[in-house]
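Visitor: quick check, what structure comes out for this input:
(2 chains)
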2 protein chains.
Amino acid sequence: MIIFSRNTRQVVVYALGVSEINVSNFGFSSGRLLQLFRDGQPHTKAEMAEITGLARSTISLRLDPLIELGLIAPATSATSTGGRPSARLLLNEESYVVAGVDFGATHAVASLADLSGKILVSIETKRQISDGPEVCLRWMIEEIRHLLAGLKIDEDRLLAIGIGVPGPVEHESGKPANPPIMPGWDGFDIPARVNQDLKAKVLVDNDVNVMAVGERHLTYPDVDHLIFLKAATGIGSGIISDGRLQRGFQGTAGDIGHVRVSRGDNIACRCGNYGCLEAVAGSPAVIKNVNDAGLPVRNMSDLVDATKRSKVEAIQAVRQAGRDIGEVLSTCVSLMNPSIIVIGGSMASAGEHLIAGVREAVYSRSMPLASESLSIVQSKAGKEVGIIGASVMAIEYVLDAETIDQLVAK
Amino acid sequence: MIIFSRNTRQVVVYALGVSEINVSNFGFSSGRLLQLFRDGQPHTKAEMAEITGLARSTISLRLDPLIELGLIAPATSATSTGGRPSARLLLNEESYVVAGVDFGATHAVASLADLSGKILVSIETKRQISDGPEVCLRWMIEEIRHLLAGLKIDEDRLLAIGIGVPGPVEHESGKPANPPIMPGWDGFDIPARVNQDLKAKVLVDNDVNVMAVGERHLTYPDVDHLIFLKAATGIGSGIISDGRLQRGFQGTAGDIGHVRVSRGDNIACRCGNYGCLEAVAGSPAVIKNVNDAGLPVRNMSDLVDATKRSKVEAIQAVRQAGRDIGEVLSTCVSLMNPSIIVIGGSMASAGEHLIAGVREAVYSRSMPLASESLSIVQSKAGKEVGIIGASVMAIEYVLDAETIDQLVAK
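Guide: Take a look at the predicted model:
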């Protein structure tokens, strides 16, 4: 595996032994040569020969299948800045597509993107994740086919499908693992079911991990240490450290909804424990607190309205939820030393009041060095962050040297 | 930068764009070809030609400088398993050395290791880190020279020096950053001072990060998600995630000594805050608690003795410290999803009582999925863990393709 780090000096790998050499990753296979094109710049075969030390004829042998597949193509005069146009080759980002799918508790969005991550088309619907995998995935498969047909794109050109779901997932197998709000999905083999109808590679991850990837891609492409926190009915986080999404040993990294907070001693959580962050500061708890304080609000949208109308009961409850979230995030800051914490999810729509509470708790509890260059900001990515993150996850798979070499071998 | 992952399927990098191509890391420079030898197996030029697609003559051109430098050498008949012995080449781990140095609050160890990480010689002394950088580093430089002379190794063969210090360090510059127990070291340019006398590359890191690297190298080489916790006067952790040491944005990742714990509301910490883990569960607090309970103990060694003699005051205090540490670690488990937590440092010598408290708190507070395959164990690495971690850090630098290419260019 080749990592292109923006800051190679920071990357040190501690593994004295090396277990195997993979030719896709080490040698100059077609897939590895394709990596040279991922800077978006035109390159010539002469340049490739110089970088690699390979003969021009060998370079042609490796590049020809990529040209045949349409993955690289001669730079057009518009993009070329000199030289014989046909000698300059570019990554053709429109040659293939991926699908990005975002399943929420009560909604679902399916989309298609090109290899640059640009969303070409998307469709959203109200859909209960609790309808179970068969119903939800059948909807997804049909929508992807509709979207492909609408753009007159052959199913063969769909190479991968990235899917975010609202629960923990074993990323390697694509199976949800004990997801609390996804009845029927526990251990369900999502890739196997999808592959009954669509041949594309299927990658599944937790929705918050997917949002972290999307937010970074859209707003903070140069930030290598970022925590994305989603505050809604549930509370969770996605951690990017050293430029890489951290999934942990079983894929549960970032699941901070059930960390105990000091204010929560008597508050029972649906997980069976007491004082979990989610039970104390999730949107149902905040809505209940506002009602208890005498201001009737039915849902998140009422609550956001009330904060915008400067209702003190709403502002106080949201700010307190921010402090509770900040209490947990302050430990995350000590542990991971991020440079940015991004707050998203429906509760973030309550704006500065939530962030103010988070900042208050984080800055009062963190060590000076860890907090001096830390920004805590509201998500700027908007509703598309989920499908964009899912698309980016799919594209990373597609452009990987090993995937390309498999495609060439077919 | 090339990463050899034991489990490539787990490694996904989310960076669609690539900013630069580094020939040391992408092309087949001498340094990159050396990577093929890091599996410890003999390789032939014919094999290299096949893997790389380069002509045999080009392979020779790249390997000859490595042979000249002594970094690779013909496999001896003892290691060869067939073929013409001279055709089989091996990484020569004895060709160069690195120094591994471990500065504690009141001790210092200097050592030399070969490129396999084997410690060749070491020397320990009582030394106050508070004596300041000039005194400490002069001692270190003299000891390294003594050790080299004792083994009749020329100073030119010392390629790097890894140093662990008991405080936060900006790893890229090698400067301690506000270290609380290292007066005179704040912002001190350790590499520049050392390089006045020794030419070798100097790498500096926090002692707990270094211990995490050492523990993994010695005991858990195949574990990719490990947290090493040091419990002594101070409390800190080193985090290995996805096989990589996590340093965070400014190098403070893992500094959990000042996370607030629930039991500590009225306990002031030297940092100016209240209820920090270190103030509640560091060894001075535990020793005070045992004395307050009526059992006189002067220091850590008295305390460890008392637990071994089953004194209930000592056992209770140590177990409670374990619970406090476990409270913070339970958040680390939710956040990082490690498969192993290793407890080291002088308080770990109190044995199972500390670990029992840690386990009690972590398992009662963590979600089932995150804790079902989590082991919490005592460090097995022993006192050498610091110098071994520092040596491994130095060797990783030395064997990096870019370093080798610089060496070849000289």
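
Visitor: run a quick neighbour tally on residue A:140.
Guide: 25 (other C-beta atoms under 10 Å in any protein chain shown). Where C-beta positions appear, they are placed from N, C-alpha and C, glycine not excepted.

Visitor: cool, the one 5 residues further on as well?
Guide: Residue A:145 sits with 14 neighbouring residues when counted by other C-beta under 10 Å.

Visitor: now do the buried residues in the helix or strand that contains it.
Guide: Residue A:145 is part of helix A:133-150, with elements assigned from DSSP states H and E. By neighbour count on 16 or more other C-beta atoms under 10 Å in any protein chain shown, the buried set for helix A:133-150 is A:133, A:136, A:137, A:139, A:140, A:141, A:143, A:144, A:147, A:148.

Visitor: so for the third one, what's the nearest residue that isn't a sequence neighbour?
Guide: In space, not counting the residues next to it along the chain, residue A:137 is nearest to residue A:193; the distance is 5.4 Å by C-beta to C-beta, 6 or more residues apart in numbering or on different chains.

Visitor: next to chain B, which bits of the stretch 301-410 of chain A? Give me the list.
Guide: A:328, A:330-332, A:334-339, A:365, A:367-370, A:373-374, A:392-393, A:395-397, A:399, A:402 (C-beta under 8 Å from any C-beta of the partner chain).

Visitor: ok, 10 Å please
Guide: Residues of the stretch 301-410 of chain A lying near chain B by C-beta under 10 Å from any C-beta of the partner chain: A:327-328, A:330-340, A:364-374, A:389, A:391-393, A:395-397, A:399-400, A:402.

Visitor: starting at the chain centroid, how far to stretch A:188-201?
Guide: Here stretch A:188-201 is found 20 Å from its chain centre; the criterion is C-alpha atoms, centre = their mean, to the nearest Å.

Visitor: distance between the ends of it?
Guide: 16 Å (C-alpha to C-alpha, to the nearest Å).

Visitor: find the closest residue to chain B in the stretch 301-410 of chain A.
Guide: Closest approach between the stretch 301-410 of chain A and chain B, counting by C-beta to the nearest C-beta: residue A:337, at 2.4 Å.

Visitor: that residue: what's it in contact with?
Guide: Neighbour list for residue A:337: A:225, A:241, A:366-367, A:369-371, A:373-374, B:168, B:239, B:246-255 [criterion: C-beta atoms under 10 Å, 6 or more residues apart in numbering or on different chains].

Visitor: weed out the non-buried ones from the residues you listed.
Guide: A:225, A:241, A:366-367, A:369-371, A:374, B:168, B:239, B:246-255.

Visitor: I'd like the next helix or strand past the helix holding residue A:145.
Guide: strand A:158-165.

Visitor: so that next one versus helix A:133-150, what angle?
Guide: 140 degrees (axes from the mean of the first three to the mean of the last three C-alpha atoms, to 10 degrees).

Visitor: and strand A:158-165, which strands flank it?
Guide: strand A:97-103 (parallel), strand A:201-206 (parallel) (DSSP bridges).

Visitor: distance from the chain centre to the shortest one, please.
Guide: With C-alpha atoms, centre = their mean as the basis, the distance from the averaged C-alpha position of strand A:201-206 to the chain average is 10 Å.

Visitor: domains in chain A, by residue range?
Guide: A:8-91, A:97-212+A:386-409, A:218-385 (automatic domain parsing).

Visitor: correct me if wrong, but the residue nearest to residue A:137 is in a helix.
Guide: Yes. Assessed with DSSP: H, G, I helix; E, B strand; the rest coil, residue A:193 lies in a helix.

Visitor: the residue of the stretch 301-410 of chain A closest to chain B and residue A:224: what is the separation?
Guide: The gap separating residue A:337 from residue A:224 is 11 Å, by C-beta to C-beta, to the nearest Å.

Visitor: joint contacts of these two?
Guide: Joint contacts of residue A:337 and residue A:224 (C-beta under 10 Å, 6+ apart) are A:241, B:248, B:249.

Visitor: and these, which is closest to residue B:282?
Guide: The nearest member of the shared contacts of residue A:337 and residue A:224 to residue B:282, counting by C-beta to C-beta, is residue B:248 at 22.2 Å.

Visitor: what's the closest non-adjacent residue to the closest one?
Guide: residue A:337 (2.4 Å).

Visitor: and the pLDDT for that neighbour?
Guide: You'll see residue A:337 listed with a pLDDT of 94.

Visitor: how close does it get to residue A:374?
Guide: Counting by C-beta to C-beta - residue A:337 and residue A:374 are separated by 9 Å.

Visitor: spell out which residues are contacts of both of the two.
Guide: With C-beta under 10 Å, 6+ apart as the test, residue A:337 and residue A:374 both reach A:225, A:366, B:249, B:250.

Visitor: and those residues, which of them are in helices?
Guide: When the shared contacts of residue A:337 and residue A:374 are checked against helices (DSSP state H), there are no matches.

Visitor: of all these, which two lie farthest apart?
Guide: A:225 and A:366, at 14.3 Å, using C-beta to C-beta across these.

Visitor: now do the SS call for the residue found closest to residue A:70 once you drop the neighbours it is linked to in the chain.
Guide: Distance criterion C-beta to C-beta, 6+ apart; nearest residue to residue A:70, sequence neighbours excluded, is residue A:95 at 3.9 Å. Per three-state DSSP, the local secondary structure of residue A:95 is coil.

Visitor: picking that back up, of all the domains of chain A, which one comes closest to residue B:110?
Guide: Nearest to residue B:110 among the domains of chain A is domain A:8-91; the distance by C-beta to C-beta comes to 20.8 Å.

Visitor: output stretch A:309-321 as PDB, nothing but the C-alphas.
Guide: Provided in PDB are the C-alpha atoms of stretch A:309-321 (Å, rounded to 0.1, in the frame of the first residue of the first chain):
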ATOM      1  CA  ARG A 309     -36.500  33.200  18.800                       C
ATOM      2  CA  SER A 310     -34.100  33.400  21.800                       C
ATOM      3  CA  LYS A 311     -36.300  31.400  24.200                       C
ATOM      4  CA  VAL A 312     -34.100  31.100  27.300                       C
ATOM      5  CA  GLU A 313     -35.400  27.500  28.100                       C
ATOM      6  CA  ALA A 314     -34.300  26.300  24.700                       C
ATOM      7  CA  ILE A 315     -31.000  28.100  24.700                       C
ATOM      8  CA  GLN A 316     -30.100  26.900  28.200                       C
ATOM      9  CA  ALA A 317     -30.900  23.200  27.400                       C
ATOM     10  CA  VAL A 318     -28.900  23.300  24.100                       C
ATOM     11  CA  ARG A 319     -25.900  25.000  25.800                       C
ATOM     12  CA  GLN A 320     -25.900  22.400  28.600                       C
ATOM     13  CA  ALA A 321     -26.000  19.600  26.000                       C
END
